[in-house]
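Peer 1: Need a 3D model of the following:
(2 chains)
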Amino acid sequence: MPWRRLLITLAIIAPILWLLAFGFQRDARYINSPLIAKEAAPFTLTMFDGRKVTLQELRGKAVFLNFWASWCVPCRAEAKDLEAAWQQIKDKNMVFVGVALQDTEKDSRAFLQEFNVTYPNGRDDSGKIAVNYGVWGVPESFFIDPQGRITYKHVGGIGAPLVKTKLAEALQGIVTAKEGQGESQSVR
Amino acid sequence: MTALIGHTSILLAFSLALIGIVIPVIGSRRDDARYLAYTRLAILGQFVLVTLAASSLIYGLVTTDFSIKYVAFNTTRATPIYYRVTGLWGALEGSLLLWEWILIIFSGIVAWVYRDRHREMMPWVLMIFSIVSAFFLGVVAFVSNPFETIFPIPPDGRGLNPLLEDANMMTHPPLLYTGFVGLTVPYAFAMAALIRGKVDEGWIVATRRWTITAWFFLTMGNLVGAWWSYHVLGWGGYWAWDPVENAAFMPWLPATAFLHSVQVQERRSMLKVWNLSLIIIAFSLTIFGTFLTRSGILSSIHAFSSGPVGTVFLAFLAFVLLSSFGLLAYRSDQLKGQPELDSMVSRESAFLLNNIVLVSALFTIFLGTIFPLLSEAVAGVQVSVGAPYFNSVIVPLFLLLVFLMGVGPIIAWRKASWDNLKRNFLWPAAGSLLVGAILFGWKIRDFLPLLGFTLLAFVALTIFYDTALALRARRRIAGEGLLSGLATLARRNQRRYGGFIVHLGVVLIIMGIAGSMTYSLEREVTLALKEHLTLGHYLIQFEGLKGEQQPTHFRVEGAFRVFHGGDEVGVLSPALKFFPTQQSPVGRAVHRSSISDDIYLILSGFSELDKNQATLKVLVRPLVVWIWIGGFVIVLGTLVAILPLGSRIENGG
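Peer 2: Down below sits the predicted model:
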């Protein structure tokens, strides 16, 4: 039995297979955002009621910025939770801003109505805000501290408890370097 | 009902495949010839059942039977019948069924063609087919079932991805799959030879035509893919070194190497282990390719659905690699005692070098493709490498390959004498240097393109010169003219002259790639009405925008009058299509080809306020059309090489 040759064969093949198997433990699209702990890109958002909101005027408050689309399944899943979290948060220093992305106005409005969303929402019709935030899919959420710095990024669906925790941390300026992950859908 | 028939057929075929694996093992113990007949029956049974299953799925697609999930997700009532049929390979589950179908058709043909030959080898060959078939059937039956039903039945389906509604859908995927599956034939024969421990040249001679056929389909699959990318996707390129493209291209490299190195083994009984390794690698890469595209471990511009299929393919890949190379190592004692190279200046060494270059290219592309994985595993950071990496390594390698393509087929076996070299290469070398000098005079002065075009001329001239010498000999011996002489030559030595024609095709393709890589011009400008821009010899004038509502989308079209060196070429109208379901528009680029260059127009934007403004991207890509012409030449050459032109005895089968 040519054991030596069998061993050499195994020694070459095994690492390749291990490397490929390693691929399953990670998400190919997952790249830690370089935006965390940096100043959030300024934006002006036209709301569905016609008003305009700029990030600048939200200084001094912790901001929960959520990108979504009506056609995205995980967004539907998190919608009720987000509204519930908004209802529970009575802190004047915390705000929610929803941004509809790659969606028709009609569908977005129907979505907001369906889930009784009461926090401010607007449309990123040119997609520029999403580009500035490096949004890969929907939903994606950013937490911004009162100084206008991104403290946490969450890719995919997020639950009410995490929103409340991370907003409280943002208010104190606590940064989480690692992105959170939930289910999401690509917009590219 | 359709789903039930399909799924039951798959399950039965799966059982038959398992039986087909076991029979040869029992048969070899008892030394009973009847077992071969049973093995064949197992293959035949699978063939009938899988054909029934595939037909059921096609029937479901054509009759829009939305109770089948696959049908509901890949057609709509509005889908034309043509795309309903191609829906068979529009998504993962159907593609796997198509793969299995082609595989079992190949197996059936092999079983039929060799019904009277290779009796000792056939049970093992068919067993390997049954193993591969059992794997695919298992996946289709249990992991990724195209016959899954849904309830409630939706009133209409979701439809194919709009990009897949293209005429090439009929050709590109099936061609590629046929190439992948075709490699199973030489692999099965190689494994059969290893299992039996009879590792002479028998398996290579038996599978020669099969290997060429598989290589041909692989080449065409890749070329048609590039054509599709260039003509339909509208970004002006035909190759992007994307992981999925690499996955389709990688098996081509060892297959090409194999095609050449087996000639060395046939003639000189050398490179036995090497050839077996090459075919194992080529076959493994076809499985690896599917694993890569379906596992989602790398990000790609080709959006494929992923799922548990990735894990299953990795397991099978592990099985194939470990068992095949394990067997090779086990038999390695019998593979010893090869003759040595007589001289470095010989056809053997040219082919060996060609192999080293091709395998280096394979290693480079493999490394580049899995680099994001490797960097994350080792350094914890995901780093991708792009086109610059691939081009900077692959271009020099392929230049060397082109040189070898000129030398290899002409140089003598064993040891080329100085006389032999002088007679065969003096004039072609002188001629190519002259071509190089002329190109230099034409201001082609960058080193790599100048070297490239000179080498391409060298290859073409060696082929023409060698053929001319042979024709002169024909005229002296038999008094034949040019055409009848060519016909006789091609008939007498199909492999040689078929190979020459294929090489000429490759020369044209590389010429097209070199030209478009090096001398492309590109500009993006915003034009007002009647304004123009010039790029190279072209002048493009903006004639206005037009918008119209189409049945499925809104189309904005720009009209541009194109002049080439003062002569009007015509009006080209690139467009943007706005689909209600998609936020970003789908571009429809237009181009005009000529033998010297293509002009390619992409409408990249327009002002909603001012109808008299449009932003246009213009590309001038020299010589691209030769890539496609080269493809046709390869078709011709392959036909000359493998068609039975009535010279079986002279050319050794």
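Peer 1: What residues of stretch B:249-263 count as buried?
Peer 2: Buried residues in stretch B:249-263, counted by 16 or more other CB atoms under 10 Å in any protein chain shown: B:249-263. Backbone N, C-alpha and C define where each C-beta goes, glycine included.
Peer 1: ugh, wrong one, stretch B:475-494
Peer 2: Neighbour count says stretch B:475-494 has B:480, B:485, B:486, B:488, B:489, B:490, B:493, B:494 buried, by 16+ other CB under 10 Å.
Peer 1: Number of residues surrounding the closest residue to chain B within chain A?
Peer 2: Residue nearest to chain B within chain A: residue A:23 (3.0 Å; CB to the nearest CB). Residue A:23: 22 surrounding residues under other CB atoms under 10 Å in any protein chain shown.
Peer 1: Next one: the closest residue to it other than its chain neighbours from residue B:535, what distance?
Peer 2: Excluding its sequence neighbours, the residue lying closest to residue A:23 (CB to CB, 6 or more residues apart in numbering or on different chains) is residue B:297, at 3.0 Å. Going from residue B:297 to residue B:535 by CB to CB, to the nearest Å gives 41 Å.
Peer 1: How about residue B:147?
Peer 2: Going from residue B:147 to residue B:535 by CB to CB gives 53 Å.
Peer 1: residues touching residue B:418, list them.
Peer 2: Not one residue lies near residue B:418 by CB atoms under 8 Å, 6 or more residues apart in numbering or on different chains.
Peer 1: Got phi/psi on it?
Peer 2: Per-residue torsions, residue B:418: phi -60, psi -40 (degrees, to the nearest 10).
Peer 1: other SSEs contacting the helix or strand containing residue B:244?
Peer 2: If you go by DSSP states H and E, residue B:244 is part of helix B:243-249. With contacts defined as 3 or more CB pairs under 8 Å, 6 or more residues apart in numbering or on different chains; DSSP states H and E, helix B:243-249 has these neighbours: helix B:202-231, helix B:272-295, helix B:347-379.
Peer 1: Can you check which of these gets nearest to residue B:606?
Peer 2: Residue B:606 lies closest to helix B:202-231 among the helices and strands packed on helix B:243-249, at 23.0 Å (CB to CB).
Peer 1: Next, the buried residues of the closest one.
Peer 2: B:202-204, B:206-231.
Peer 1: can you list the residues of chain B near chain A?
Peer 2: Contact residues, chain B versus chain A (CB under 8 Å from any CB of the partner chain): B:291, B:295-299, B:303, B:310-311, B:314, B:317-318, B:321-322, B:325-326, B:328-330, B:332-333, B:370, B:372-374, B:376-377, B:382, B:580, B:583-584.
Peer 1: Looking at chain B, what residue ends up closest to chain A?
Peer 2: Of chain B, the residue with the smallest distance to chain A, taken as CB to the nearest CB, is residue B:297 at 3.0 Å.
Peer 1: Would you agree that residue is in contact with residue A:24?
Peer 2: Yes: Residue B:297 is within contact range of residue A:24, at 6.5 Å (criterion: CB atoms under 8 Å).
Peer 1: Look at these two and report which has more neighbours.
Peer 2: Under the neighbour definition other CB under 10 Å, residue B:297 and residue A:24 were set side by side, and residue B:297 has more, 25 against 13.
Peer 1: doesn't that one fall inside a strand?
Peer 2: No: per DSSP: H, G, I helix; E, B strand; the rest coil, residue B:297 lies outside any strand segment and is coil.
Peer 1: Quick one, grab the pLDDT at it.
Peer 2: Looking at residue B:297, its pLDDT stands at 72.
Peer 1: Helices of chain A, start to end?
Peer 2: Secondary structure of chain A (DSSP state H): helices at A:3-22, A:73-88, A:105-114, A:128-132, A:160-171.
Peer 1: how about JSON lines for the ones you listed, with mean neighbour count and mean pLDDT added?
Peer 2: Formatted as JSON lines, these follow (neighbours: other CB atoms under 10 Å in any protein chain shown; pLDDT from 0 to 100):
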{"stretch": "helix A:3-22", "mean neighbour count": "14", "mean pLDDT": "87"}
{"stretch": "helix A:73-88", "mean neighbour count": "18", "mean pLDDT": "89"}
{"stretch": "helix A:105-114", "mean neighbour count": "15", "mean pLDDT": "90"}
{"stretch": "helix A:128-132", "mean neighbour count": "16", "mean pLDDT": "88"}
{"stretch": "helix A:160-171", "mean neighbour count": "19", "mean pLDDT": "91"}
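Peer 1: To residue A:53, which of these lies closest?
Peer 2: Proximity to residue A:53 (CB to CB) singles out helix A:128-132 among these, at 11.3 Å.
Peer 1: Secondary structure class of residue B:381, three-state.
Peer 2: Per three-state DSSP, the local secondary structure of residue B:381 is coil.
Peer 1: Tell me how many other residues surround the closest residue in space to it that isn't next to it in sequence.
Peer 2: Excluding the flanking residues, the one nearest residue B:381 by CB to CB, 6+ apart is residue B:375, at 5.9 Å. Residues lying near residue B:375 (other CB under 10 Å) number 15.
Peer 1: Now do the strand or helix carrying residue B:315 against helix B:272-295: the angle between them, please.
Peer 2: Element membership of residue B:315 [criterion: DSSP H and E] is helix B:309-330. Comparing the axes of helix B:309-330 and helix B:272-295 via axes from the mean of the first three to the mean of the last three CA atoms, to 10 degrees yields an angle of 170 degrees.
Peer 1: Thanks a lot, catch you later.
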